[in-house]
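S.K.: Here's a sequence, model it:
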Amino acid sequence: MMRNMSRGIPRLFKDGYKQFSGLEEAILRNCEAATSLAETVRTAFGPNGLSKIIINRIEKVYVTTDAATIIDELDVQHPAAKVVCLAASMQQKEIGDGANFIVIFVGALLKVAEELLRTGLHPSDLVKGYTIAGRKVQEFIQELSVFEVTDVQMHDKEKLIMGIKAAISSKQYGLEDKIAPIVADACQRAMPKNPKNFVTDNVRTVKILGGSAEDLFVINGMIIEMTPRSITRSCKNAKVAVFTCSVDATQTETKGTILLESADELLKYTKSEEDHIHQVIKGLHEMGVGVIVCGEKFGDMALHYIDKYNIVAIKLLSKWTLRRLCRVLKSRPCVQLQGIRQDDLGYCADVHTREIGADTVTVFSQVGTGESQVATIVLRGSTQTLLSDLERAVDDGVNVVRAMTKQGKFVPGAGAVEIELARKLNKLAQETVGLEQYAIAKYAEALEIVPRTLAENSGLKDTKIIAELYARHEDTEDKNAAKIGIDIDNGVVKDMTDEGVLDLMSTRQMGLKLATQAAVTILRVDHIIMSKPAGGPRAPKNRGHWDDNDATW
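M.R.: You can find the predicted model right below:
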């Protein structure tokens with residue numbers, strides 16, 4: 001050992017490791033990274049948020065205000081910013097809305113934390129104060145509920161519209177009065193008897209280029225963007241057989257050679273195949289089958305007999321679409337052509353082709369047959385970008401309905417609940433003894449980021465709006481003081497619950513919880529150790545001709 005020490009004390013890590021520690025190098029840099037990410041998506045927050053153009057690594061272009069899409073497509077490298085992205089992604093998975101709130105709130109928490117850290121407050125006191133504030137806001141927000149949708153009311157279309165209108169307006173401001181009833185209608189059609197069993201996958205969307213955003217509509221069933229392979233294009237009150245195998249003559253698993261010595265033998269050989277396919281199609285026809293759906297291919301001989309018996313034949317390329325169609329038809333997918341039972345067949349009230357814009361689609365409609373497990377919303381728009389934004393707005397509305405089935409309570413929107421929580425936390429900070437009071441007060445200040453951003457993105461004076469909100473919320477004689485939010489259309493503060501601006505309580509609860517945890521996680525880090533990237537030497541970048549730019553050579 002002494003022989004090795006004679007060469008000098010060895011290093012702790014191998015060559016290539018990077019270390020960042022302490023307040024300046026680790027904690028404050030982490031705060032700056034998360035704040036920079038928040039500033040990126042902050043201007044996209046709210047109904048008047050501005051769109052971002054994102055070009056991802058495969059050069060696909062996105063034009064959107066949806067923070068979840070922006071974060072997913074950005075290749076974020078900083079570890080602290082990745083923590084914020086993970087929190088936003090979890091919010092999107094759990095609730096389906098509110099990802100932007102998490103990013104900008106974490107950014108605000110770390111920005112005000114940076115001010116306290118520079119004044120000398122220890123990170124542990126800051127973490128303790130944020131933890132207390134995060135626990136208290138979960139208690140305070142329970143007192144601010146103004147509206148609740150029960151399980152019985154989940155089948156009421158008007159209640160669903162009230163719940164999803166605010167979520168849709170944040171993505172498609174001005175079209176919420178048109179989109180919200182359509183989404184509510186689709187959710188109502190796909191709603192089971194027990195609302196807690198509602199599945200968002202049962203509300204499908206189909207994007208068809210052309211028309212305007214106001215031309216969207218919903219059908220009770222599914223739309224397949226394929227045309228039938230058969231001559232017959234429509235059928236009513238038909239039994240439907242769904243196959244996952246090809247509708248053709250059976251093929252042997254091993255290759256074989258058949259020696260035919262005469263024309264009669266050739267005719268007899270092909271005749272046996274014809275008879276086999278004929279018996280299969282004839283048997284389905286005798287069972288009352290009017291539509292055959294296949295996950296693979298239709299043989300030419302099979303199509304001949306399908307046309308003979310006036311059966312509709314449709315080929316689907318996606319196994320997921322095949323499964324969803326089985327839910328609509330209440331059928332079972334069959335893996336072979338023989339042995340089909342009546343229980344395996346589905347039923348459809350109306351199967352027909354329809355021209356929508358420049359596309360021809362096949363509609364499986366269950367009109368007049370009671371409840372359908374799947375409803376489809378047809379989206380129209382002039383560009384693919386507009387269609388994708390409409391799809392995100394519809395997806396947010398459907399996810400809010402799913403969250404409503406678990407907890408149907410709503411709180412005032414338009415920044416009202418954040419200002420009320422900030423007011424209560426400021427009082428708590430004044431009553432708290434210890435250094436945690438400064439962190440609690442800064443947590444309350446960070447909550448102001450929501451109404452402040454709404455005001456800034458609407459072209460209003462944010463400082464004036466915040467002052468007016470606090471003044472109205474402090475009014476003890478006004479019973480509706482806690483409901484006062486920002487009217488972005490008229491630039492005033494008033495009770496926005498009368499306008500139907502409500503936020504789902506579970507969205508705010510989950511958002512506050514995840515944002516607080518993300519901020520605390522980042523503040524607990526005081527040392528970053530980065531190993532040397534794996535892999536060999538990288539190829540030099542294309543630096544162009546040596547005579548064009550001397551600085552690169």
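
S.K.: secondary structure element for Leu469?
M.R.: For Leu469, the host element (DSSP states H and E) is helix 462-473.

S.K.: With only the CA atoms kept, save that helix in PDB.
M.R.: C-alpha atoms of helix 462-473 as PDB (Å, rounded to 0.1, in the frame of the first residue of the first chain):
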ATOM      1  CA  ASP A 462     -50.500  42.500 -13.200                       C
ATOM      2  CA  THR A 463     -49.600  44.600 -10.100                       C
ATOM      3  CA  LYS A 464     -52.800  46.500 -10.200                       C
ATOM      4  CA  ILE A 465     -54.900  43.300 -10.700                       C
ATOM      5  CA  ILE A 466     -53.100  41.500  -7.800                       C
ATOM      6  CA  ALA A 467     -53.700  44.500  -5.500                       C
ATOM      7  CA  GLU A 468     -57.400  44.600  -6.400                       C
ATOM      8  CA  LEU A 469     -57.800  40.800  -5.900                       C
ATOM      9  CA  TYR A 470     -56.300  41.100  -2.400                       C
ATOM     10  CA  ALA A 471     -58.500  44.000  -1.500                       C
ATOM     11  CA  ARG A 472     -61.600  42.200  -2.600                       C
ATOM     12  CA  HIS A 473     -60.600  38.900  -0.900                       C
END
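
S.K.: now the residue nearest to Asp389 when sequence neighbours are not counted: how far from Arg42?
M.R.: Once flanking residues are discounted, Asp389 sits nearest to Thr64: 5.9 Å by Cβ to Cβ, 6 or more residues apart in numbering. For the C-beta atoms, the positions are set from N, CA and C on the backbone; glycine is no exception. Remark: distance between Thr64 and Arg42 (Cβ to Cβ, to the nearest Å) = 15 Å.

S.K.: So between those two, which is more surrounded?
M.R.: Arg42 (23 against 20; other Cβ atoms under 10 Å).

S.K.: what residues are up against the more buried one?
M.R.: Contact analysis of Arg42 by Cβ atoms under 8 Å, 6 or more residues apart in numbering lists 103-104, 107, 453.

S.K.: Kindly recompute the last result at 6 Å.
M.R.: Residues in contact with Arg42 (Cβ atoms under 6 Å, 6 or more residues apart in numbering) are 104, 453.

S.K.: Next one, pLDDT for it please.
M.R.: Arg42 carries a pLDDT value of 88.

S.K.: do the same with Ala515
M.R.: The model's pLDDT for Ala515 equals 91.

S.K.: Can you name the element that comes right after the helix holding Leu469?
M.R.: Moving toward the C-terminus from helix 462-473, the next helix or strand (DSSP H and E) is strand 484-487.

S.K.: Which of the three states applies to the residue most central in space within the chain?
M.R.: Centroid-nearest residue in the chain, with Cα atoms, centre = their mean: Gly96, separated by 5.3 Å. Counting by DSSP: H, G, I helix; E, B strand; the rest coil, the backbone at Gly96 sits in coil.

S.K.: My guess is it contacts Gly397. True?
M.R.: No - between Gly96 and Gly397 there is no contact under Cβ atoms under 6 Å: 9.0 Å.

S.K.: circling back: identify the residues contacting the helix holding Leu469?
M.R.: 419-420, 423, 448, 452, 455-456, 481, 484, 486, 493.

S.K.: again, 8 Å this time
M.R.: So helix 462-473 is in contact with 415-416, 419-420, 423, 448, 451-452, 455-456, 478, 481-482, 484-486, 493, going by Cβ under 8 Å, 6+ apart.

S.K.: so for it, what's the average pLDDT?
M.R.: 86.

S.K.: now do stretch 191-205
M.R.: 84.

S.K.: hey, C-alpha coordinates of it in PDB?
M.R.: The C-alpha coordinates for stretch 191-205 follow below in PDB (Å, rounded to 0.1, in the frame of the first residue of the first chain):
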ATOM      1  CA  MET A 191     -70.500   6.600 -19.600                       C
ATOM      2  CA  PRO A 192     -71.300   3.300 -17.900                       C
ATOM      3  CA  LYS A 193     -74.000   2.900 -15.300                       C
ATOM      4  CA  ASN A 194     -71.300   3.200 -12.600                       C
ATOM      5  CA  PRO A 195     -69.500   6.400 -13.500                       C
ATOM      6  CA  LYS A 196     -66.300   5.300 -11.600                       C
ATOM      7  CA  ASN A 197     -65.800   2.700 -14.400                       C
ATOM      8  CA  PHE A 198     -65.600   5.400 -17.100                       C
ATOM      9  CA  VAL A 199     -62.600   4.800 -19.500                       C
ATOM     10  CA  THR A 200     -61.200   7.700 -21.500                       C
ATOM     11  CA  ASP A 201     -60.200   5.300 -24.300                       C
ATOM     12  CA  ASN A 202     -63.900   4.900 -25.100                       C
ATOM     13  CA  VAL A 203     -64.100   8.400 -26.400                       C
ATOM     14  CA  ARG A 204     -62.300   8.400 -29.700                       C
ATOM     15  CA  THR A 205     -61.300  11.200 -32.000                       C
END
